[in-house]
Structure formats: structure tokens, C-alpha cells
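Undergrad: please work out how this folds:
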Amino acid sequence: MIEAVSEVELWSCTLDLSAASHQEANEVLSDDEIGRAGRYRFARDRWRFVAGRHFLRRTLAGYLSVRPRDLTFAYGPFGKPTLVPRSDGARLEFNLSHSGNLAVLAISRGPTVGVDIEQVIPVSELDAIASRFFSAFEKAALSEVPTHARDFAFYCCWTRKEAFLKALGDGLAHPLDSFDVSLNERSPSLIAVRSDREAPSGWTLAHLCPAPGYVGALAAHAKVVTVTWQSRGRCEEGS
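TA: Model (predicted):
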């Protein structure tokens, strides 16, 4: 069902935990999450994964008035996490994204949401990547952007596409070039979905500036969305 008007709350944190907080974060993770952390090759990536899951659990637990360790997740066929339904009927939609040392979590009590953030660094093969993954509409729009602004426009496009796919939770069932998004910072929108002509009218995209040097996007299955930032700080800080 498409929500008419909905609120989405965004939380952010940095993922570089202090040594004292690392053990505390580990203690709230499930055995599955600890196993996933152990598969990272580099310690920094492992620690940031642990910090991100701690941040996710701690924030969701605050909404549901439970202990972070007591949350149970289920995963869709393409890996999108959801909360196992509770006996009291409490329900939250959420999605987490991280890049570099920053994580952003989107939470709603209504529409399905997807969020994506990226650290803005020069894209050495921008044209080749756009040619492979962007739609014809998006490639044409990118070609009209002045050279000095093309990296930023590229990330606007990329994060909007990723946020929409993450909200759908269908992975490769929707190729990146099967739908069009805008590139303009001031007018984020889902322009066309070739498998569903009516889809754009039911989705809202929002441009995010989560921190200096980062670009992000939120996708929500609602016609009107109010976006509220709730927290910006270190992962181990209380919410």
C-alpha cells in the first residue's frame, strides 16, 4: 500500500569506535553477525561492520523499548534485513547504509524505505561506469553537466538508484538501467520505471547531505515524506 504522507527519521554516526567501546559493541551482536564480521579481511572493515550493527541494534531498540541484544532479524532473498514481527504488533521499516567511516540509518513506522550514502571521491572511470550502469536518460543528463560538477552529479544519480533498489529489496531483479532518476541536487525524483509506468507517482526520493564530503539519497514508498535528522555523533554515544 502506498502511504499518502509519512515521516522518515534519519540517524547517523561515525563508525570508528574507541577501544573501550569495541567489546561492548561485540556483546550485543548475534552469533551470525559476529561470524559475518570475522569474514572481513582487514581489521578496520571488521570493526566498522561491528560498529554499524551496534548502531543499528541500539537505535532500533530505543524505538521498541527492548535491549539491543534481544532484536531478531530476518533476511530477504537478496539480503535485505527486516525485524522479526513482535507479539505486540510493533513494526518498524528501516534501512542502513555506510561508506567510509559514516553510517546513516533510515527508520519509518509506515512506508518501505531505502537509503544509500557515498563518500565523494574522484571517479577515475566515470564515463565507463555510467555507460555500464546508467540508463540512456541518465547518461544524457550526465553528459550535460559541467566537468567540475560531474563527480557530484554522478554520486547523486548513483545513490538515488541504490536507495530505490534497497527499498525494493529485489536486488538484480531490477537492473540499474531499468529505471531513471534525476541528477539535479535540488529536484531528486524517480522519473520512470520501465516495468511499472505508475511507480514514479508512488515513490519519493530525497537528497541527503549527511556530512561534509558525503552524498546520500533516501527512497520511500510514499507520495509525500517528511525527513527529520535525529542524531549526528559517534556510534558509541547514546541516542
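
Undergrad: read off the pLDDT value for the residue at minimal distance from the centre of the chain.
TA: What sits nearest the mean C-alpha location of the chain, by C-alpha atoms, centre = their mean, is residue 115, with 2.4 Å. Residue 115 is assigned 98 on the pLDDT scale.

Undergrad: pretty sure it is in a strand, no?
TA: Yes - assessed by DSSP: H, G, I helix; E, B strand; the rest coil, residue 115 belongs to a strand.

Undergrad: how far away is it from residue 126?
TA: For residue 115, the distance to residue 126 equals 23 Å [C-beta to C-beta, to the nearest Å]. Bear in mind the C-beta positions are built from the backbone N, C-alpha and C, glycine included.

Undergrad: what of residue 66?
TA: Distance, residue 66 to residue 126, by C-beta to C-beta: 45 Å.

Undergrad: equivalent analysis for residue 37, please.
TA: Counting by C-beta to C-beta, the gap from residue 37 to residue 126 is 32 Å.

Undergrad: just residue 29 next, same as before
TA: Applying C-beta to C-beta to residue 29 and residue 126 gives a distance of 37 Å.

Undergrad: now swap in residue 174 and tell me
TA: For residue 174 relative to residue 126 (C-beta to C-beta), the value is 23 Å.

Undergrad: who has more neighbours, residue 37 and residue 126?
TA: residue 37 (20 against 14; other C-beta atoms under 10 Å).

Undergrad: who are the contact partners of that one?
TA: 29, 46, 49-50, 53 (C-beta atoms under 8 Å, 6 or more residues apart in numbering).

Undergrad: could you list the buried residues of the helix or strand of the chain with the lowest mean pLDDT?
TA: Ranking every helix and strand in the chain by mean pLDDT, DSSP states H and E puts helix 19-28 at the bottom, with a mean of 75. By 16 or more other C-beta atoms under 10 Å, the buried positions in helix 19-28 come out as 21-22, 25-26, 28.
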